[in-house]
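Student: return a 3D structure for these sequence lines:
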Amino acid sequence: MREVRLWERIMGAEPDYSEYAHLIRPLEDATSMLSHGTGCLETLHFAGPAQGLTVKAVEEWGIRTDLSAIKKLILECNVPPPVLGRLTGCCFSSLTVLSLELRIEPYHHYSTPPTDDTSKSAANFLCSIPPLAALKLSGELDYHRLRDVVRYHGQNLRNEHEVAAYSSIGNIRTLQSLALTLDASDYLSMRGNGHSEDYLAEPKAHFDDFGREDANLEEYNASHDPRKGHIMDMFANAALDKKLAQSIYSVLMEARPARSLALDTIELQSDGCGDFGTDFIPPAVALVANEIQHRWLFRRTYGPQSSAFDVSELEHTNRLATWDESTAGILDNESDEVSKDDLDGRIEPIFRRLWPAKAGGSVWHEDWHGFELAK
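Tutor: The predicted structure is shown next:
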């Protein structure tokens, strides 16, 4: 069995499953046999009144099937905070598609604000699972919690959602000029009310053992210190070479609708690498950021019979200060024209995890590249 759907049409009253008894009893017999082994569902779809969606039900799911194998989870009923809390403790390592319905409890007295346990519980659950390929949220969720969720799942490497975003922009019929900044900053990971174990920021769900290790960048002086995975994510999201810029340009232009105005200029720039919302970016990180963050301009040129786009690189608007060991000081990057061939010992293994050295020997600033858009 790979898929189970539980659906009840009657809303409001206690659900009556008597008409499904001939279907449910064999299923109960089958699941009772799972006590000697665990099922392996890939899709679980629950719809109808929320009375049946309880903490006990979730615990039963964990007994009867391997939750880490579920790829698609659809909960089309109001999911209460206790259930969200129990789901947070489950391992959904294979989950790629999720649908949730949420509801914040209304005011009971005008003199007291509503108790919003739903938003916090939902955000905790949604940020405990791997970045999703598809997420549908229905109902209500506090704006700040929603922002955290969107930022968390939006930090997955280049994916179909990013391509869809570019297509949506390109589909604006009246668009004639576009300046787009790909922001790699992360203002959430280092934030917290206290220190976690070893003063490290919480690891993200997609971090492997290497990504969970301490990046040893205490210079950030934030409430938490970053892990290697946090730095890797920033490098990957900030890397904008000419090939990737051309791919983004192609998506934008292919999405142009018929009879739209001419889109004459497209400027693409990546920024925010190393920025965790603190006042200081370690020079070891800034050195890489200056190398991989670029600014590209696509400009339409008109000829006698047709038009075309020329592409050129512009000076980046946010060059960062880097450390120069020979002078033991901060140098203005305008005068630091030659990139150092040696990375900081803390940064090199993180960089090489993304961009291994080329055969025959190479220097780091010749090895990086942008990551392709999803097909």
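Student: strands along the stretch 51-200 of the chain, start to end?
Tutor: 72-78, 97-102, 134-139, 177-183 (DSSP state E, counting those that start in this stretch).
Student: for these, give me CSV that also has mean pLDDT.
Tutor: Formatted as CSV, the strands of the stretch 51-200 of the chain follow (pLDDT from 0 to 100):
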stretch, mean pLDDT
strand 72-78, 87
strand 97-102, 85
strand 134-139, 76
strand 177-183, 92
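Student: a markdown table for the ones you listed, including distance to Phe371 and mean neighbour count?
Tutor: (Glycine included, C-beta is placed from N, CA and C.) Formatted as a markdown table, these follow (distance: least, Cβ to Cβ, whole Å; neighbours: other Cβ atoms under 10 Å):
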| stretch | distance to Phe371 | mean neighbour count |
| --- | --- | --- |
| strand 72-78 | 26 | 19 |
| strand 97-102 | 23 | 19 |
| strand 134-139 | 20 | 14 |
| strand 177-183 | 12 | 14 |
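Student: reformat those as TSV; add distance to Gly211.
Tutor: Formatted as TSV, the strands of the stretch 51-200 of the chain follow (distance: least, Cβ to Cβ, whole Å):
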stretch	distance to Gly211
strand 72-78	24
strand 97-102	22
strand 134-139	22
strand 177-183	21
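Student: nearest to Asp367, out of those?
Tutor: strand 177-183 (20.6 Å; Cβ to Cβ).
Student: rewinding a little: so which of the strands of the stretch 51-200 of the chain gets nearest Trp355?
Tutor: strand 177-183 (18.1 Å).
Student: other SSEs contacting the closest one?
Tutor: strand 265-271 (3 or more Cβ pairs under 8 Å, 6 or more residues apart in numbering; DSSP states H and E).
Student: which residues of the stretch 201-350 of the chain fall in strands?
Tutor: Using DSSP E, counting those that start in this stretch, strands in the stretch 201-350 of the chain cover 265-271, 295-302, 307-314, 322-324, 329-331.
Student: highest average neighbour count across those strands?
Tutor: strand 265-271 (a mean of 20; mean count of other Cβ atoms under 10 Å).
Student: any idea of the mean pLDDT in it?
Tutor: Regarding strand 265-271, the rounded mean pLDDT is 95.
Student: on contacts alone, who are the packing partners of that strand?
Tutor: Right, strand 265-271 is packed against strand 177-183, helix 228-238, helix 242-254, strand 295-302 by 3+ Cβ pairs under 8 Å, 6+ apart.
Student: try 7 Å
Tutor: strand 177-183, helix 242-254, strand 295-302 (3 or more Cβ pairs under 7 Å, 6 or more residues apart in numbering; DSSP states H and E).
Student: looking at the ones you listed, spot the one closest to Leu354.
Tutor: Closest among the helices and strands packed on strand 265-271, using Cβ to Cβ: helix 242-254, at 13.9 Å.
Student: buried ones in that closest one?
Tutor: Within helix 242-254, the residues scored as buried using 16 or more other Cβ atoms under 10 Å are Leu244, Ala245, Gln246, Ser247, Ile248, Tyr249, Val251, Leu252.
Student: tabulate the strands of the stretch 201-350 of the chain (JSON lines), appending distance to Tyr166.
Tutor: What follows is the strands of the stretch 201-350 of the chain, written out as JSON lines (distance: least, Cβ to Cβ, whole Å):
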{"stretch": "strand 265-271", "distance to Tyr166": "10"}
{"stretch": "strand 295-302", "distance to Tyr166": "13"}
{"stretch": "strand 307-314", "distance to Tyr166": "16"}
{"stretch": "strand 322-324", "distance to Tyr166": "31"}
{"stretch": "strand 329-331", "distance to Tyr166": "36"}
